[in-house]
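fold the following for me, if possible:
(chains A and B)
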Amino acid sequence: MRNRMADALRDTSADYAEIRIERTEQTGLGFRGPEMDAISSSSSLGGVARALVKGGWGIVTFNDLSDLPANIREAVACARLVGKEKSHLAEVEPIEKTIPPPKMQRDFRGVPLAEKRQLVKQYNDLMLGLHPKIQTTSARYTDRYREVYFANTQGSYFAETRPDVTVGLTAVARDGDLVQRAHEGFGRAAGFEAALDLEAKAETAAKRAADLLVAPPVQGGTYTVIVNEKLGGVFAHEAFGHLSEADAVYENEKLRDLMVLGKRFGPDHLNILDDGSYPGGRGTHPLDDEGVPTRKNYLIKDGILVGRLHNRETAGKMNEDATGNARAVAWNFPPIVRMTNTYIEPSDASFQDLIKDVDLGLYACDMIGGQTMCEMFTFSAAYGYMIRSGEVAQLVRDVVLTGNVFQTLKDIDLVADDLAWDDGGGGCGKGPQSPLPVGFGSPHLRIQGVVVGGQQ
Amino acid sequence: MIEQALEIAAKRAQGAEISLTTSRFTNAQYQDDKLKHVWVSQSTHLAARVIVNGKLGRAHTTDPQKVESVVARAIELAQFGSEADYQCPGPADFPQVKTYDPEVESIPKQDLVAVGAEMLDLIKTYNNDIKVSASAGWSVDERRLINSSGLDIRDQGSFYGIGIGGELIRGTDMLAVYLHRDWRTPVADPRDLAERAIEQFRLAERNVPLAAKSMPVILTPRASSLLLYSLQLGANGKNVLKGDSPLAGRLGEKLAADAFSLIDDGTIDYAPASGPCDGEGVARRRTPIIENGRLNAFLYDLETASKDGTKSTGNGPGCEPSNLVIPPGRMSLAEMIEGTREGLLIEHVMGLGQSNIMNGDFSVNVSLGYKIENGEIVGRVKDAMVAGNVYDALNRIEAIGSEPEWAWATCAPHLKIDALSVVAKA
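Numbering: from 1, shown residues only, chains lettered A, B, ... in the order given. You can find the predicted model right below:
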């Protein structure tokens, strides 16, 4: 593969060009209710050629690999229609590396289907049998073995193997017209062993779905909100992280003014980072999809905006260092600026410190989803509890938080000391590129004056 | 080549289906006032579905050379597959529906670049401070689907799509507008679409406060997803069969205001989700889900239909809608606004699908919405959420608009709901 890629790149007239080829094998199976729902297997082989001419990109995606030089020529022809200035990419050392897969105790490709099925059935049966109000379930297992080959005109080459195992467990409880669901998931770049021993997650999902049936919906209004670790991590990712992606900033002066480094974004005790080199993280890779080494990047340090996430183009044009954040979700997409493992650093408050003087508030836990549009965000907690007189009170459902990220970051008045990572196997979406494996983490946070949706 | 695969499959399986799809697209993308890339793509998908001992196995590859191993894999998977107590459909009278216009793929890259530039210039002329995003592109696909019941279908599809919008930042206040239009023929008019985007920017020039309370809400065609998302989950035959859908067992019941109907229609010429047949080879058709306010039908694929003792509605696999159409009513948007003393016009919501959507509950951020006072739009509202339940809101539809618009595969008019709960930051 390496020679074919190098040959195709050899005589190009582009200022810069690269080829990434991926081979993926995937198996998925699931139950819905007591029955086997779907089982499928897919294999794909394809690639993307990118060329940069006078600052403009041409992109060609293909899964006919018979004529790579033609793909490069077509990418150059596309780029010529775009480029009008000078090409400028951040300098990086050419690399040459073969990255082995993370340690797999049992390679899932050798595990019999019957065993995979039995494992999922076991989790599914646990959920179905846990409570009489459980109406149905969904239990899914997916494994994916992805081989990536990359070469560019600057002499870089890498080959990487990326295994990924996910388990998703959803329980649906019903009482008359009221339907409540709860989800627990797990994902890791590991072998089949990572999918084992998740019984506690199955029980948690089923119990919560049943409990939510008797929980009242939260009353809409403005509250002091304590978010748990998973929800704090989603907030850091969705509300703030996406604004730190330099592709939105580098050619947008107004947004650049808003996101100017050195500006205060939050209180002194607030630190937000993205780290693609974090050991064992779901978004961890030694190199990004432009062959740039990943690293620990502070975005907010002591409340001050100090960094952002780059690909080589945005870093080059902003005269900042490449950060290793160019990532592509699959063979048929070019790399774009993405997060890796995004987290809020722990501070020194205890959970008790956060809650003790809250008269009426909300303790919002885990997430169903999150979305942002510019500075606005909404994120939906999977469940929540009212806080009354400094104590966690009754369970409530339908907890949707919304706000303006700049204000909300300032309103984080306490950060706890209990950082935890979400291992839920979720992915991030940006445009059509979804789901990209990413990591989220946070300690408990207390936020003042959050708008919570709901009927009044 | 795929005939051989079918032969191999038919030896071991009672039912088998092989499909081969090739696709191509070209697009030009502008962001922050600049052309960022031109992208060309080619892809191939070969899929095998087999029924062995009453169970279904599926496998898929991008490599047409691997046809035999894909069939073998599907047969291997079938021993653990879901129950499939049905036959592959044989040849049938498929609807004569137009899905392909050869003009689409003859559009050169340069023209796509030029269309983007034309829309960009119009927005910049209105307000140079807007950072403009735009796109223009086409795609074509060709499919051949054969099965062990003698079905052999070849169909072709084309798409042409344009998009225009941008971001306006004033201090820490941001406004994003983006409109797109997609059709199977190259009919989208860049000038018209850019003018509509400018209209949105104009309406949002001023931000106005909003008090939290219950008030009338008008949904634009693009915001009708607020109601349709839950409804399409509720009408999904599989959700009905599994008892997840709150609509299970309620056929014939009154569900919405009398004037409201919702139709799944895969037979509209050149509409995005139209075609002669669905992914399982069953003819596309027109299925009224809600007719004059009453729940009339659910959507089925082969597997779900066989389990529920009914017939596929051509919505397979997955029981998902094709094109969804809400037939228009009589009131213009202008009349709706005129008749509103205090209310909200919603163009775009954010966070849909995060609340308990199956139940019909929603609680969404109004990412682009306008306040109406004494019959006039007075400005944009921010930091507001609307909450309620779809099945309650359907009964509160007070007026149905006379100017339907397509947004991807949905065709909806404006809908006025007499009251929804609005939460806003004071």
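
ok, longest helix in the chain?
Looking at chain A here, since you left the chain open. The longest helix of chain A (DSSP state H) is helix A:113-130.

could you do chain B instead?
helix B:109-126.

run the chain-centre distance for that one.
Centre-to-centre, helix B:109-126 and its host chain are 26 Å apart (C-alpha atoms, centre = their mean, to the nearest Å).

can I get the CA coordinates of the following helix or strand past it in PDB?
Sequence-wise, the next helix or strand downstream of helix B:109-126 (DSSP states H and E) is strand B:131-147. C-alpha atoms of strand B:131-147 as PDB (Å, rounded to 0.1, in the frame of the first residue of the first chain):
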ATOM      1  CA  LYS B 131     -19.900  35.700   7.300                       C
ATOM      2  CA  VAL B 132     -21.400  33.700   4.500                       C
ATOM      3  CA  SER B 133     -21.600  30.000   4.000                       C
ATOM      4  CA  ALA B 134     -22.900  28.500   0.800                       C
ATOM      5  CA  SER B 135     -22.900  25.200  -1.100                       C
ATOM      6  CA  ALA B 136     -24.000  23.800  -4.500                       C
ATOM      7  CA  GLY B 137     -23.800  20.200  -5.600                       C
ATOM      8  CA  TRP B 138     -25.300  17.300  -7.300                       C
ATOM      9  CA  SER B 139     -25.400  13.500  -6.900                       C
ATOM     10  CA  VAL B 140     -26.500  10.600  -9.000                       C
ATOM     11  CA  ASP B 141     -27.000   6.900  -8.100                       C
ATOM     12  CA  GLU B 142     -27.800   3.800 -10.000                       C
ATOM     13  CA  ARG B 143     -29.200   0.700  -8.300                       C
ATOM     14  CA  ARG B 144     -29.900  -2.800  -9.400                       C
ATOM     15  CA  LEU B 145     -31.800  -5.000  -7.000                       C
ATOM     16  CA  ILE B 146     -32.500  -8.700  -7.700                       C
ATOM     17  CA  ASN B 147     -34.100 -11.300  -5.500                       C
END
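
now do the buried residues in the longest helix of chain A.
A:116-117, A:119-120, A:123-124, A:126-128, A:130 (16 or more other C-beta atoms under 10 Å in any protein chain shown). For every residue, glycine as well, the C-beta is placed using N, CA and C.

now do stretch A:267-276
In stretch A:267-276, counting by 16+ other C-beta under 10 Å, buried: A:267, A:269-276.

still on that earlier bit, pLDDT averaged over the longest helix of chain A - what is it?
Helix A:113-130 shows a mean pLDDT of 97.

shaky segments in the chain?
Since you didn't name a chain, this refers to chain A. Chain A contains residues with pLDDT under 70 at A:455-456.

can you look at chain B instead?
In chain B (pLDDT under 70), the answer is B:354-355, B:425-426.

ok, residue A:24 - contacts?
The neighbours of residue A:24, taking C-beta atoms under 8 Å, 6 or more residues apart in numbering or on different chains as the test, are A:42-45, A:144-147, A:330-331.

specify the local secondary structure of it.
Secondary structure for residue A:24, judged by DSSP: H, G, I helix; E, B strand; the rest coil, is strand.

so what are the domain limits for the chain?
Chain wasn't specified; assuming chain A. Residue ranges for the domains of chain A, per automatic domain parsing: A:2-213, A:221-452.

let me rephrase: I mean chain B.
As assigned by automatic domain parsing, chain B contains the domains B:2-203, B:213-227+B:328-424.

any chance of TSV for those domains, columns distance to chain A and mean neighbour count?
TSV is the format used below for the domains of chain B (distance: least, C-beta to the nearest C-beta, whole Å; neighbours: other C-beta atoms under 10 Å in any protein chain shown):
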stretch	distance to chain A	mean neighbour count
domain B:2-203	3	19
domain B:213-227+B:328-424	3	21
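
would you turn those domains into TSV with distance to residue A:210?
Listed next are the domains of chain B as TSV, based on distance: least, C-beta to C-beta, whole Å:
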stretch	distance to residue A:210
domain B:2-203	26
domain B:213-227+B:328-424	14
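
from the contacts of residue A:24, which are also near chain B?
Among the contacts of residue A:24, the residues lying close to chain B (C-beta under 8 Å from any C-beta of the partner chain) are A:42-45.

so which of the residues you listed sit within helices?
Using DSSP H, none of the ones next to chain B among the contacts of residue A:24 sit in helices.

return the subset of those lying in strands.
Residues of these located in strands (DSSP state E): A:42-45.

buried subset of the contacts of residue A:24, written for ChimeraX?
Here is the ChimeraX command that selects the buried residues among these (16+ other C-beta under 10 Å):
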select /A:42,43,44,45,144,145,146,147,331
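
for the stretch 1-150 of chain A, which segments count as helices?
With DSSP state H, counting those that start in this stretch as the criterion, the stretch 1-150 of chain A has helices at A:2-10, A:68-82, A:113-130.

for residue 133, which non-adjacent residue is closest in space?
Unless you meant another one, I'm taking chain A. residue A:173 (4.6 Å; C-beta to C-beta, 6 or more residues apart in numbering or on different chains).

correction: the question concerned chain B.
Counting by C-beta to C-beta, 6+ apart, the residue nearest residue B:133 is residue B:31, at 5.0 Å.

identify, from the buried residues of stretch A:267-276, the entry nearest to residue A:101.
Using C-beta to C-beta, residue A:276 comes nearest to residue A:101 of the buried residues of stretch A:267-276, at 17.0 Å.

surely the closest one meets residue A:294?
Yes - counting by C-beta atoms under 8 Å, residue A:294 is a contact partner of residue A:276 at 2.9 Å.

who touches both of the two?
Residues touching both residue A:276 and residue A:294 (C-beta under 8 Å, 6+ apart) are A:284-285, A:288, A:324-325, A:340.

show me which pair in those is furthest apart.
The most distant members of the shared contacts of residue A:276 and residue A:294, if one measures by C-beta to C-beta, are A:284 and A:325, lying 12.6 Å apart.

surely residue A:284 touches residue A:294?
Yes - in this structure residue A:284 lies within contact range of residue A:294 using C-beta under 8 Å: 7.4 Å.

which one is residue 85 nearest to, not counting chain neighbours?
Going with chain A. Closest to residue A:85 by C-beta to C-beta, 6+ apart is residue A:55, at 4.1 Å.

the chain in question should be chain B.
In this structure, residue B:85 finds its nearest non-sequential neighbour in residue B:306, 5.0 Å apart by C-beta to C-beta, 6+ apart.
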